[in-house]
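Enquirer: Task: produce atomic coordinates for the following.
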Amino acid sequence: MWADLPLFPPQASTSAWQVDALYFFLLAVSGLMSVLIAGLLVVFAIRYRRGSAASRAHPVTGSLKLELFWTIIPFGVSMVVFVWGAALFFHLSRPPDETMDVLVVGKRWMWKLQHLNGRREINELHVPVGRAVKLTMTSEDVIHSFYVPAFRIKADVLPGRYTSTWFSPTRRGVYHLFCAEYCGTKHSRMIGSVIVMEPDAFQDWLGGGTAQLSAAAAGERLFLNLGCATCHNPESGSRGPSLAGLFGSRVELAGGETMLADEAYLRESILDPKAKMVSGYEPLMPTFRGLVGEEGVLHLIEYLKSIGPSGSGQEREQAAGATKQSTSGGERS
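Expert: Purely as a prediction, here's the structure:
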């Protein structure tokens, strides 16, 4: 196959061949049109050159058939490219329901990655073969771009917001990871590797190393250290809304509109809590911008994702215990 030539990186994900198929179709259409147009230019230049014997007695002033031909066919080809590209875009932007989640923070000039069990990596990402992997990404400074040529994925990593991408590797091996956005003087050194392993070997690797808190546990510890449980508990009359079961639910805001409590909403609520006030509560929560880094915000979000449905006995006990451990006095989270 063309993709196996050294000119192209290997096809190492389930989406790679789909991207290559569209690319080669575009290459074929572009090549065909280029040859056709250049060929006609040469033929007409020779046939109708000055002094040639070609008859010019009856010049063509218009042809409906010709105009329909060169309008309908290019339009049809363009629509094929549009529909094909749109279908591929939606496929690449919608991860499967079951994924292995990894948190990614871009920083000049490195990639910091963390698995949900707490295992951390810098400029390396270990994943199992045959498993869909979803990356939730943000940047600490400038725009970066997470690019793995062998997987045919490239996604911008932006400061102040979350972006995501996903892939499902199909071949064991070590594959290049680049930053594809010029991010400063050492941009060319912001490189890394994605190591695709057999599932059993990956589980051994994931469970090895120094014991670390999971992302959710680290978020819970930060939640307690910041004193957030003082206000956010399920007890009646709390100064802040209960956070149990918040992620993925619809939140009613002070203006009457509702909003989905996704990662972006939670991040904004932590760093700019007065931007979208929840209905029925006063704007008492201070901002944690500058106090909590991007990794800390990601950990807090993972903790909020782990909290069960609001009102469950387990969550009431957890919140009550958290309130006792948190510092008292002063308006916190």
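
Enquirer: Where does pLDDT dip in this structure?
Expert: 1-5, 236-237, 308-333 (pLDDT under 70).

Enquirer: spatially speaking, which residue is in the middle of it?
Expert: residue 164 (1.3 Å; C-alpha atoms, centre = their mean).

Enquirer: just the CA coordinates of the helix or strand containing that one, formatted as CSV?
Expert: Element membership for residue 164 (DSSP states H and E) is strand 163-167. C-alpha atoms of strand 163-167 as CSV (Å, rounded to 0.1, in the frame of the first residue of the first chain):
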residue,chain,number,x,y,z
THR,A,163,-10.1,20.5,23.8
SER,A,164,-10.2,16.7,23.3
THR,A,165,-9.2,14.1,20.8
TRP,A,166,-9.2,10.3,20.7
PHE,A,167,-7.5,7.4,19.0
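
Enquirer: List the strands paired with the helix or strand just after it, with their directions.
Expert: The helix or strand immediately downstream of strand 163-167 is strand 173-179, counting by DSSP H and E. Neighbouring strands of strand 173-179 in its sheet, by DSSP bridges, are strand 144-148 (antiparallel), strand 191-197 (antiparallel).

Enquirer: Could you identify which of the ones you listed is most buried?
Expert: strand 144-148 (a mean of 24; mean count of other C-beta atoms under 10 Å). From N, CA and C alone the C-beta is placed, and that goes for glycine too.

Enquirer: roughly how far is that strand from the heart of the chain?
Expert: 10 Å (C-alpha atoms, centre = their mean, to the nearest Å).

Enquirer: Check stretch 9-17 too.
Expert: 18 Å.

Enquirer: That stretch spans what distance, first to last residue?
Expert: End-to-end distance for stretch 9-17: 11 Å, by C-alpha to C-alpha, to the nearest Å.

Enquirer: Output the longest helix belonging to this protein.
Expert: Counting residues, the longest helix found in the chain (DSSP state H) is helix 16-47.

Enquirer: Show me what secondary structure element comes after it.
Expert: Heading C-terminal from helix 16-47 (DSSP H and E), you reach helix 64-93.

Enquirer: now the end-to-end length of stretch 7-21.
Expert: End-to-end for stretch 7-21, by C-alpha to C-alpha: 16 Å.

Enquirer: ah, wrong one, I meant stretch 279-299
Expert: This stretch, stretch 279-299, spans 26 Å end to end (C-alpha to C-alpha).

Enquirer: and residue 139, bridged to which residues?
Expert: Beta-bridge partners of residue 139, as defined by DSSP bridges: residue 106, residue 159.

Enquirer: What is the neighbour count of it?
Expert: Number of residues near residue 139 (other C-beta atoms under 10 Å) recorded here: 23.

Enquirer: That one and residue 145, how far apart?
Expert: 10 Å (C-beta to C-beta, to the nearest Å).

Enquirer: what sits in contact with each of those two?
Expert: residue 157 (C-beta atoms under 8 Å, 6 or more residues apart in numbering).

Enquirer: what sits against the closest residue to residue 143 other than its chain neighbours?
Expert: Counting by C-beta to C-beta, 6 or more residues apart in numbering, residue 181 is the residue found nearest to residue 143 once chain neighbours are left out, at 5.2 Å. Neighbour list for residue 181: 143, 144, 145, 156, 157, 187 [criterion: C-beta under 8 Å, 6+ apart].

Enquirer: 10 Å - rerun?
Expert: Counting by C-beta atoms under 10 Å, 6 or more residues apart in numbering, residue 181 touches 106, 139, 142-147, 154, 156-158, 187, 190.

Enquirer: quick one: which of those residues is nearest to residue 16?
Expert: Of all these, the one sitting nearest residue 16 is residue 154; the distance, using C-beta to C-beta, is 12.3 Å.

Enquirer: doesn't residue 145 make contact with the closest one?
Expert: Yes. Counting by C-beta atoms under 10 Å, residue 145 is a contact partner of residue 154 at 6.0 Å.

Enquirer: between the strands paired with strand 173-179, which gets nearest to residue 289?
Expert: Between residue 289 and the strands paired with strand 173-179, the shortest separation by C-beta to C-beta is 20.6 Å, and it involves strand 144-148.
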